[in-house]
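A.B. asks: sequence and predicted structure below; questions after.
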Amino acid sequence: MQTRVTRTLGPRSTHKAGMRRHSLRQVRYHQLSRIERTHAESLTRSCRLSSSENGSSRDLANRSLLQSVMTSIPLLAADFFTLWGLLFATTALVERLCGLPHNLVTFETAVVASLLLVPISQLAGLYPALGTSAAVEFRQLVQSAGTALCIFSGIGIVANPGSGPYFIAASLLTLLLAVPSLPAARFTARCIASKCSWWGAPVLIYAPADVATDLYRRLTLMEERGLRPVAVLLSRTDYWTNASRLEKQGIRTFEAQDALNCAVRFKATWVLIGGDEQWIESAEINAIPNRVLLSTQGLDFGMWDRPQTIGAVCGLWLSNQRHGTSQEYVKRAVDVVTTLLIMLLASPLLLGIAAAIRLSSPGPILYFQNRIGRNGRTFPLWKFRSMVPDADRLLQQCLDNNPEMRHEWETTHKLKRDPRVTWIGRLLRATSLDELPQLWNVLRGEMSLVGPRPIVNSSTYDAIYIKEYRNEYATYTTVRPGLTGLWQVTCRNNGVYEKRIYWDMYYIRNMSVWLDLYIILRTIRTVILREGAS
């Protein structure tokens, strides 16, 4: 009878075994370049995580596809029927204006032209466009419609060589009408569809407690963008410290190690990741099909940044922060043409407002206030008078006698119940019509249609901007102030003053003609729906 003797490895043997494993790792990928070796290690980690996943990941991927299809259907229908209706209307109008035969564009032709928009929009990432910025969606939508109409014009010119000007004119008019109509149709479709449980995609949020709470609330207020927050994932330490606080706020909270179970339970196919690199090693997080890494660590990501591949290395192309002369010329041309058009169409309204102000109270119809513009130069900013005479004295008297009013003024630099405002002034301010005389400032080149709102060098108003945010103020003076801006269409009278500075800097960082057009259309919506009006 033989006895097997098992020898336990001592510390020296264990150390040698570890050295051998380390040397084997050093040998792996030794023939690759430095960049390829680094990428290969990340691929190895991905392979290890993929091999540890179970069938739940495949189920989530299948569900993600279904959610994308269901979310795309209302948007696709809105795009198709809007362009189809615009084509019929514009071609009929141009036929009558040009004296051409009726029904030159048949039902089938309009359907084919409208169907072209669908695959082009798909290539532009507009279906399902979950969580996509509204400004980015606007740019992609207009570009897609323009491409579809160019193809439509080409087909029409080839089929009817003598009707080239007709097809070009009809396409240009359709595109002009599509700029406001397509985004409006999409917005309507989103608002209606967001009331249905089958639309959009549930999303998990994996971030530090404060960041996750803020993201959860923001997504809850913008469900029409398609991402529905269902739960927050926290690291183990963060969970035991903050879970009860989040639960009291009605936010479901779980540990990150339960991410896959949460995804299956809530049918969440998206996860937003911010502020923690441990997710890279988490098979639970990596099993969720759609992962978005957020720039919550001070990374300078902009609205127009996009993925970029350099050889085998993937990165992020960062848009230019310094705008060239050509872009300034284009912006100025848009300002002048649009301003002249608005002044021409709004001239009866301007005369009516002037008459109402004259009848409402004694004093001038217009008043001006010196504001700081480009390069730090002051200029007279014109407005319709909306206050009683001697308004500054009345304001100081109210602030001295009312501590609550003083606190509101120091916090927002606005008063929701401003005693200085006349009855017609309240209407003008609620609709922002008191700002219309600034069209003259735009024509003079002192302002732009879109930009940061002009500030005043006053100890009671914009002193915090000039004195405490000097870098931001220096950036502000590099552009023309605007008649409208991101601050007005986002929080308007409902935000603290620092939000104004934040949105000013965000606009300057992402400034483009597309963003300007989006803000102009959003301003119209804000005024009509009185979003954030005091």
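C.D. replies: Thanks, I have the structure now.

A.B. asks: surely Leu215 touches Leu233?
C.D. replies: No. Leu215 sits out of contact with Leu233 when judged by Cβ atoms under 8 Å, with a separation of 11.5 Å. Every C-beta, even on glycine, is put in place using the N, C-alpha and C of the backbone.

A.B. asks: overlap of the contact sets of these two?
C.D. replies: Ile205 (Cβ atoms under 8 Å, 6 or more residues apart in numbering).

A.B. asks: ok, these two, which is more surrounded?
C.D. replies: Leu233 (29 against 21; other Cβ atoms under 10 Å).

A.B. asks: please name the nearest non-neighbouring residue to the more buried one.
C.D. replies: Tyr206 (4.1 Å; Cβ to Cβ, 6 or more residues apart in numbering).

A.B. asks: give me the nearest residue to the most centrally placed residue in the chain, chain neighbours excluded.
C.D. replies: For the chain, Ser133 is the residue whose C-alpha lies nearest the centre (Cα atoms, centre = their mean; 3.3 Å). Among residues not flanking Ser133 along the chain, Met303 sits closest, at 6.0 Å (Cβ to Cβ, 6+ apart).

A.B. asks: how about the contacts made by that neighbour?
C.D. replies: Ser133, Ala135, Val136, Ser319, Asn510, Leu515.

A.B. asks: among those, the buried ones, what's the ChimeraX command?
C.D. replies: In ChimeraX, this line selects whichever of those come out buried by 16 or more other Cβ atoms under 10 Å:
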select :135,136,510,515
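
A.B. asks: ok, so of the contacts of Met303, who is nearest Glu498?
C.D. replies: Of all the contacts of Met303, Asn510 has the smallest distance to Glu498: 18.7 Å, by Cβ to Cβ.

A.B. asks: these two touch, right, that closest one and Ser319?
C.D. replies: Yes. Asn510 is within contact range of Ser319, at 7.3 Å (criterion: Cβ under 8 Å).

A.B. asks: any shared contact partners between those two?
C.D. replies: Contact criterion Cβ under 8 Å, 6+ apart; residues shared by Asn510 and Ser319: Gly302, Met303, Trp304.

A.B. asks: now do the SS call for the second one.
C.D. replies: Spelled out, it's Met303. Judged by DSSP: H, G, I helix; E, B strand; the rest coil, the three-state class of Met303 is coil.

A.B. asks: how much space between it and Ala159?
C.D. replies: Distance of Met303 to Ala159, computed by Cβ to Cβ, to the nearest Å: 40 Å.

A.B. asks: right, and the helix or strand after the helix or strand bottoming out on mean pLDDT in the chain?
C.D. replies: Of all helical and strand segments in the chain, the minimum by mean pLDDT, DSSP states H and E falls on helix 11-27, at a mean of 52. Using DSSP states H and E, the helix or strand that follows helix 11-27 in sequence is helix 34-51.

A.B. asks: give me the next element, helix or strand, following that next one.
C.D. replies: Using DSSP H and E, the helix or strand that follows helix 34-51 in sequence is helix 55-98.

A.B. asks: and for the helix or strand just after that following helix, what are the contacting residues?
C.D. replies: Next helix or strand after helix 55-98 toward the C-terminus (DSSP H and E): helix 107-123. Helix 107-123 is contacted from outside by 76, 79-81, 83-84, 87-88, 91, 127, 140-141, 144-145, 147-149, 151-152, 155-156, using Cβ under 8 Å, 6+ apart.

A.B. asks: which among those residues end up buried?
C.D. replies: Buried among these (16+ other Cβ under 10 Å): 76, 79-80, 83-84, 87, 91, 127, 140-141, 144-145, 147-149, 151-152, 156.

A.B. asks: now Gln67. Nearest residue, chain neighbours left out?
C.D. replies: Nearest residue to Gln67, sequence neighbours excluded (Cβ to Cβ, 6+ apart): Ala201, at 4.6 Å.

A.B. asks: for the one you found, grab phi and psi.
C.D. replies: Note on Ala201: its backbone torsions stand at phi -140, psi 130 [degrees, to the nearest 10].

A.B. asks: is the residue nearest to Leu233 in a bridge, and if so with what?
C.D. replies: Beta-bridge partners for Tyr206, by DSSP bridges, are Leu233, Ile273.

A.B. asks: separation between it and Ile157?
C.D. replies: 53 Å.

A.B. asks: pick out whichever of these two has more residues nearby.
C.D. replies: Neighbour count, other Cβ under 10 Å: between Tyr206 and Ile157, Tyr206 has more, with 29 against 16.

A.B. asks: so how far is Leu294 from that one?
C.D. replies: For Tyr206 relative to Leu294 (Cβ to Cβ), the value is 10 Å.

A.B. asks: intersection of neighbour lists for these two?
C.D. replies: Contacts common to Tyr206 and Leu294, judged by Cβ under 8 Å, 6+ apart, are Leu272, Ile273, Gly274.
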